[in-house]
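Peer 1: Mind folding the following:
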Amino acid sequence: MFKNLNTGAIGIRDISLTETIELAAATGFAGIDFNIREAAALVTAHGINYVSDLFDRHNVLPGQWGLPVAWNQERWQEDLAELPRLAALGATLGCTRTATWCPSWSDSRDFAENYQWHIARYRPIAEILADHGCSLGIEFLGPQHLWASHPYRFISSMGEMLALAHDLGTGNVGLLLDAYHLYTAGDPVDALDTLTPGDVIVVHINDAPAGIARQSQADLVRCLPLETGVIDLPTFMRKLAALNYGGPVTTEPFSARLNAVAAENPVAAAREVSEAMDRLWRLSDL
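Peer 2: Numbering: from 1, shown residues only. Predicted coordinates:
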């Protein structure tokens, strides 16, 4: 596994693919999240070698690309029609991981109906990705406040998401596994012992604010790795290593303080995140 940078997750806005690659290289990241549509536009303008060289020249990996299908919106079939071209590009760039998230609530469908609705939306996406050797990670959302105010709860734990991935039946769907969502869902870190290598597609690591009960933690208020020690991230990382997970590990802290730093000095913000991840790597004996 490798340190991966998502600039938007740490408050860095309006930055191009080229600038993101340069920032990652300058601040000690091995890979980046990127927009596959932006990469495709660069290929159209300059050719595939131009984009490949951007990564190679800076020794930065394409970690994962956000799923370019708005599967829960009306335009989803239009996006789906473009997915074969974009998935082929991801594979050509050596990046076969993409990911999305799944709401943990519904205002109109009970659990069983919503489950089948999500199967119908995710399966054609997964089939296209499989055709191009790509895998899909789906993120479950753990915080209780996200579903508690809605009529129907939906998937909000690791086991439920793994069941959905299995029921899709395409063999290339697993978890976008976020340590914060694992913790807020009430899943113990030892639950990772039940996973197989193919179950984990993408990983996010965050700590949780101190002094707040697990069931009261808010989705968009998190901390840098090891900032509070509320989440046992060293054990989390060691269990991923035992699975031989070889993909990107990204910090997504949604920190107002860090966002303020990023607005003034993006390099300083990226370096702070990189150094926090380095400390976690050392403490985890990785």
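Peer 1: what's near enough to touch residue 24?
Peer 2: Contacts here follow CB atoms under 8 Å, 6 or more residues apart in numbering; on that basis residue 24 touches 5, 30-32, 58, 60, 270. C-betas here are computed from N, CA, C, even on glycine.
Peer 1: helix/strand/coil for it?
Peer 2: helix (DSSP: H, G, I helix; E, B strand; the rest coil).
Peer 1: So what's the predicted local confidence for the residue lying closest to residue 180 once chain neighbours are set aside?
Peer 2: Excluding the flanking residues, the one nearest residue 180 by CB to CB, 6 or more residues apart in numbering is residue 206, at 4.2 Å. At residue 206, the predicted lDDT confidence score is 96.
Peer 1: so what's residue 206 up against?
Peer 2: Taking CB under 8 Å, 6+ apart, we find residue 206 in contact with 178-180, 222-225, 231, 251-254.
Peer 1: And the helices in the protein, which stretches?
Peer 2: For the chain, the helices defined by DSSP state H occupy 17-27, 36-46, 48-58, 76-92, 111-131, 144-148, 158-168, 179-184, 233-242, 256-264, 266-283.
Peer 1: Let's have these in TSV, adding distance to residue 218 and mean pLDDT.
Peer 2: Below are those laid out as TSV (distance: least, CB to CB, whole Å; pLDDT from 0 to 100):
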stretch	distance to residue 218	mean pLDDT
helix 17-27	28	98
helix 36-46	30	98
helix 48-58	35	98
helix 76-92	29	98
helix 111-131	23	98
helix 144-148	6	97
helix 158-168	20	98
helix 179-184	9	98
helix 233-242	19	98
helix 256-264	12	96
helix 266-283	20	98
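Peer 1: so which of these comes closest to residue 104?
Peer 2: helix 144-148 (4.5 Å; CB to CB).
Peer 1: mind listing what's buried in the closest one?
Peer 2: 144, 146-147 (16 or more other CB atoms under 10 Å).
Peer 1: tell me the pLDDT at residue 197?
Peer 2: On the pLDDT scale, residue 197 gets 89.
Peer 1: residue contacts, it?
Peer 2: For residue 197, the contacting residues are 243-245, by CB under 8 Å, 6+ apart.
Peer 1: Just the buried ones from those residues?
Peer 2: For these, a neighbour count by 16+ other CB under 10 Å gives the buried set as 243, 245.
Peer 1: Adding pLDDT and distance to residue 156, write the contacts of residue 197 out as a markdown table.
Peer 2: Converted to a markdown table, these look like this (pLDDT from 0 to 100; distance: CB to CB, whole Å):
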| residue | pLDDT | distance to residue 156 |
| --- | --- | --- |
| 243 | 96 | 23 |
| 244 | 97 | 28 |
| 245 | 98 | 23 |
